[in-house]
Structures are given as structure tokens and as C-alpha cells.
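In: How does the following fold in three dimensions:
(2 chains)
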Amino acid sequence: MTTTPTAVGTSRDRRGVAGTVPATPAGRRRGRAPGASRWAAVGFAAPLLVYLVLFYAYPLWRNIDLSVHDYTIRAFVQGNAEFVGLEKYAEVFGSSVFGTALWNTAVFTLVSIAFQYAIGLALAVFFRSGFQLSAVLRGMFLVPWLLPLIVSASTWAWMLASDNGIVNSVLEAFGIGQINWLTSPDTALISVTIANIWLGIPFNLVILYSGLQNIPGDVYEAASLDGAGPWRQFWSVTFPLLRPVSAITLLLGLIYTLKVVDVIWIMTTGGPGNSSTTFAIWSYREAFGTGQPDFSPAAAVGNVLIVIALVFGFLYLQLQRRQEES
Amino acid sequence: MTVMIRRRPLTRTWWKTVLGLIFTALMLFPVYWMFNVSLTRTRDLRADPPHWFPWDPTFEGYQAVLAQQLPALGTSLLIGFGCVALTVVIAAPAGYALALLNLRGRRTLNFVLLVAQMIPAVVMAMGFYAVYVRLGLLNTVGGLIVADSTVAVPFAVLLYSAFMSGIPREMLQAARIDGAGAWRTFTSVILPLSRNSTLTVSLFAFLWAWSDFIFASTLNRNGDLIPITLGIYNYIGNNTTQWNAIMATAVVASVPAAVLLVVAQRYVAAGVTAGAVKD
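Out: Model (predicted):
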């Protein structure tokens, strides 16, 4: 792991193998001290199990509980909220925000990962070719990914400011008039998407680069002996061989992007109106974004978001399992 | 082969270096801009066109950071280290159990951990809020440490168990022959061998806790001790004119990221590719 950054597939491979191989030594151990090692295993895993129950299962359960009751801030403290069944879900699906949020979530997510992937891949291929300083520069590309999101988001907000933002100032030099990036309903979603693309490039670059490193060099030698130029080599060697890594990168990107709150909230708070409101933002705003917290619909939206994330999550796990088998 | 590649850049690929520098400059422009604005005088902030370079730098912004944000920086450090400690204490033994101790239900637990990483933070925040309201843990540093650690723990367990399952079994057998029990083997064989995994895990746990905004803004909104991310956020809300001070705070808040990148870049890359999860 430390010598070469393993590709996603490989590291999972190893884990998969670990699941089946240790039968021999463990079996022998069990023969010597029956039950002892199993109890040791439970003992070592116990903190994690307790942790998962207390800090994952319980909050998630409370979240479901919130969505099927009518929680006001008072009921929250007193704990006597009225049970309303699926009423809050019906409200959410029937709300005028639902369609907008669905559309915005789809656009934000798909456009983000498409550009992140394309740019990340282009850069990975570029850096793979090797030149002086390439390792240093590749390291510098990690910076946006490491910065706190609030730092990047507020920097982008200032750069995209209408009156004296640097972006408008540059565009002006090319004769393009002032664009109200964050304050116009037409461009707010585009603005947050641009910032999010920028944020996601490092992740895509690193994973795709390590995927490229796993493609053996002689494949390229063979291709170039066959007279394939760089362009041809990319489309008939690199791209097909990278497909498993690409699929995993895209799906992981999708799952992360679905849950993005910070960037959008800091730049536009989902506005103006609902023009950059995604499901995650909608949920956040209902619960915490206004002076009047409305936890029940927020929890309902949150649970809808979980379902969407899990659908793609299972797709991802499925894909990974298939790759382990092959 | 390597020799050929080494020799080539000097003669034929200098243009790639130039191109690479241009790409990097474009990519890092927002970071430069943050730095530039942090040094700009308040009266020049609204200049049109903006000043591309802080010819006449001011440190007002940084003075404001020192005057107002030191407690927030301290809180963030505390939360970061607390999160690292909690994560390692829970994840390292669990990784050992998953990878080497033939734990029952190992596959299910692996699956649960993978799924746990996909749950949106905003949902977790709401759940934690509901739990903390009753327990009186809202606006406490401890509560925030626990919430922040939920991002890192599943990742850390998977990373540990992936690494530990590669440890040669002969070493465990040797330890057992020497009379070491499971605990002794863990502390004197497994943990020292997993030093690099611990570094990667700690690095990410710290960075995620340091950068967290969602949990801080929901669980610690009215706390006496707010982390630096919330410090910046409140700044934006309070005085939109002093962007040099906001950006100065942002620069200071970026210092850990910069330090870690310089000191531990390979651990960062390793963490990202180990099927890393970050939102």
C-alpha cells in the first residue's frame, strides 16, 4: 500500500482474498485453543460494533423516527410528537420543490462527474507520459482536494462576485458583460457546479493515474509497433483497459456528489429561490438553514437521498464484486 | 527503459513541463487568489479591475485572525486530534479482527462499513442532532468529535484490514510460538507493522475533522468553542466587506492541508486510492 498506491480494484482484491485464505492457520489455531481466538476476534471488534450501533444505527433510527412524526422544535425537546406515518413523505413528493430539487441534483451530479472525470483522465494521461517536475506538479494538484471545503467555496464565491470578482473582470476584457454568477437564477447552478468540478479533479486524477500505472508498458510498445499514434493508442489501449477503474471512479464520484452540502450552501444557500437547491441542500435548509427548523420533512428528504445514494452504492458494490471475480 | 525515459525529458519533453506548469497554475489560481485577497487593503478590495498582485500588502487581515480566531483554531486542533485518537482506537483493533482473527460475520461487517460510507452527512447530522438534544450533547466539543469521527471510522477500518491481511502469517505464528497472546501480538507485532496505515488514517481523520462544516454548523452552532470552519462561516455572515480578513482566515485554515501535503504526500495518494471515501 505504501510503495505503490494501489488501484481501487487491487486493494479490494487483497481484501477479498483475505476473506477466504486464512482458513488454514486459523483452523489450526482453533484446534489448539477452541473458541479462544474467536472470542479474541469479538473482543477486538467490540469497540467498533458498539460504535456502529451507537453512532450509526441509532442516529439513523432517530432520523427515520423524525420522518414519521410531526416534530416541531417544542416536540423535539418534550418528545411528544404526533405520529403521522408517511404523511411527511407525501408532502415531500407533492411539494413544488421536489421537481426542481430532482432536476438540480441530476444536473449538478452528472455534469460535475462528467467534467471531473474527463479533465481528471486527460491530466492523468498527460502526467503519465512523464516529464521533468511531473511528480511535483501532480502533487500540487492535490491541493484543492485537501483544503477545507469552506475555504474553497468562499474563495470561489469571491472570485465569482458580480461587481468586482476576478472572473467577471477577465470576461470583461474579452468583451463579455457582467454576469451575476451567484445571484441570478440562470447561472447559480452553473456556478456551484464549476466550483464542484474544480474540487473533484484531484480525486479523479489520483485514482485514474494509479489505474494507468497498472497498465503494462509493453501493451503500448506493441501498439506503437503496430503504428498506432498517441490518439489511437488512447482510444484503443488506454481507455478500454481503464474501463473498470473508470466505472468505479464515476460511481464513487456520483455517490459523493449526491451528498454535497458545503459548497452549495456556502456559495448560494441553494438560491436564488430554489435555483441551486439539491436534495441535500433542501434537507439541510429545512432542518438547519432557517430560523424555524422543520425536522420532519427534512428527515424525509434525507431518507429519500439515502435511498438514491444506496441504489448507486449497491451498483458500485456489484461492479466491484464482478471485478474481483474476473 | 528507465534510462531512456530519464534522458528524454531534457531534450524532447521540455514543452510538456511548460504545459504542466500552465495547467498547475490554472488549477491553483483560486488558491493564489485567496492568498492575494488576504493581503489586499480593504479600500482596494472593490477596485475594478481587481489587483492581480498585492504590490502594497497589508496584514490587517492576519491581525484580525490573530485577534479573533485563535480560540477557534485551538478548538479545531483539539477536535482534529480527538477525532484521530478515537478513530485509531476503534479502527485498529477492528481491522485486526477483520483481517487476521477469523471474525464471524466478517463479510457482513465489511459490507456494513462500505454502506456506512455512502450515507450523506446531512442525514447523519440530523440524526445526531435528535440524539444530542436529549442527551444535552449539543454544542459540546466531545459531541462534535464523535460526529466527525463517523466519516473516518469506516474508512479507517477498511484501510487497516486491507493492509493487515497482507501481513505474512508466519510472523503471527512466530509470535504465538513465543507465547504472545492475541493482545500482545496486536501491540508488539501488528501495530508497529501497520505504522504507515496508522499515519494515513490519522492524516485523513485529522483533515476531515479539521475541514468539517456540516456537523459543526448543525451540532455546534451556539457553542462557546467553535471550530475554525464555523469561524469563517460566521465571518462571511457578519461582515461581507472585510474579505481580506475572511481570506486571511481561510489561508490560516489551509495551513494543515499544506503542511500535510508537503510532509506526507505519499500517504495522501495512498489513502485516496485505497478506495478512499470523501464527501
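
In: residues contacting A:P293?
Out: Counting by C-beta atoms under 8 Å, 6 or more residues apart in numbering or on different chains, A:P293 touches A:I73, A:E286, A:A287. (C-beta placed from N, C-alpha, C; glycine too.)

In: nearest residue to the first one other than its sequence neighbours?
Out: What that stands for is A:I73. Distance criterion C-beta to C-beta, 6 or more residues apart in numbering or on different chains; nearest residue to A:I73, sequence neighbours excluded, is A:P293 at 5.7 Å.

In: tell me which element that neighbour is part of?
Out: For A:P293, there is no host helix or strand (DSSP states H and E).

In: Could you check how far it is from A:A299?
Out: 11 Å (C-beta to C-beta, to the nearest Å).

In: For these two, list the residues in contact with both.
Out: A:A287.

In: Return the backbone torsion pair for the residue of the stretch 201-326 of chain A found nearest chain B.
Out: Closest contact between the stretch 201-326 of chain A and chain B, by C-beta to the nearest C-beta, is at A:K259 (3.5 Å). With angles defined as degrees, to the nearest 10, A:K259 sits at phi -100, psi 10.

In: Could you pull up the residues touching the nearest residue to it once chain neighbours are set aside?
Out: Using C-beta to C-beta, 6+ apart and skipping residues adjacent in sequence, the residue nearest A:K259 is B:P120, 3.5 Å away. B:P120 sits next to A:L258, A:K259, A:V261, A:A280, A:G302, A:L305, A:I306, A:A309, B:D279 when contact means C-beta under 8 Å, 6+ apart.

In: So what does B:P120 look like in phi/psi?
Out: Torsion angles, degrees, to the nearest 10, at B:P120: phi -60, psi 140.

In: Next one: it from A:Q323, what distance?
Out: 26 Å.

In: cool, and A:D218?
Out: Counting by C-beta to C-beta - A:D218 and A:Q323 are separated by 22 Å.

In: ok, these two, which is more surrounded?
Out: A:Q323 (18 against 9; other C-beta atoms under 10 Å in any protein chain shown).

In: Hmm, A:V245 and that one touching each other?
Out: No. Taking contacts as C-beta atoms under 8 Å, A:Q323 lies outside contact range of A:V245: 9.3 Å.

In: any idea where the helices of the stretch 151-300 of chain A begin and end?
Out: With DSSP state H, counting those that start in this stretch, the ranges of helices along the stretch 151-300 of chain A come out as A:166-173, A:188-213, A:217-225, A:230-233, A:239-241, A:243-258, A:262-268, A:279-284, A:295-325.

In: winner for burial among those helices?
Out: helix A:279-284 (a mean of 29; mean count of other C-beta atoms under 10 Å in any protein chain shown).

In: And B:Y235, how close does it get to A:I266?
Out: When distance is defined by C-beta to C-beta, B:Y235 is 12 Å away from A:I266.

In: residue contacts, A:L123?
Out: Applying C-beta under 8 Å, 6+ apart, one finds that A:L123 lies in contact with A:F141, A:I201, A:L205, B:F23.

In: that older thread, would CSV of the contacts of B:P120 with distance to B:S161 and pLDDT be doable?
Out: Formatted as CSV, these follow (distance: C-beta to C-beta, whole Å; pLDDT from 0 to 100):
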residue, distance to B:S161, pLDDT
A:L258, 26, 91
A:K259, 24, 89
A:V261, 30, 91
A:A280, 30, 93
A:G302, 29, 91
A:L305, 28, 92
A:I306, 25, 92
A:A309, 23, 89
B:D279, 22, 30
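
In: Kindly indicate which of the residues you listed lies nearest A:F127.
Out: Nearest to A:F127 out of the contacts of B:P120 is B:D279 (C-beta to C-beta; 25.3 Å).

In: May I have the secondary structure class of B:G179?
Out: coil (DSSP: H, G, I helix; E, B strand; the rest coil).

In: ok, residues contacting the strand or helix carrying A:W61?
Out: In this assignment (DSSP H and E), A:W61 forms part of helix A:58-67. Residues outside helix A:58-67 that contact it (C-beta under 8 Å, 6+ apart): A:88-89, A:295-300, A:302-303, B:119, B:123-124, B:126-128, B:130-131.
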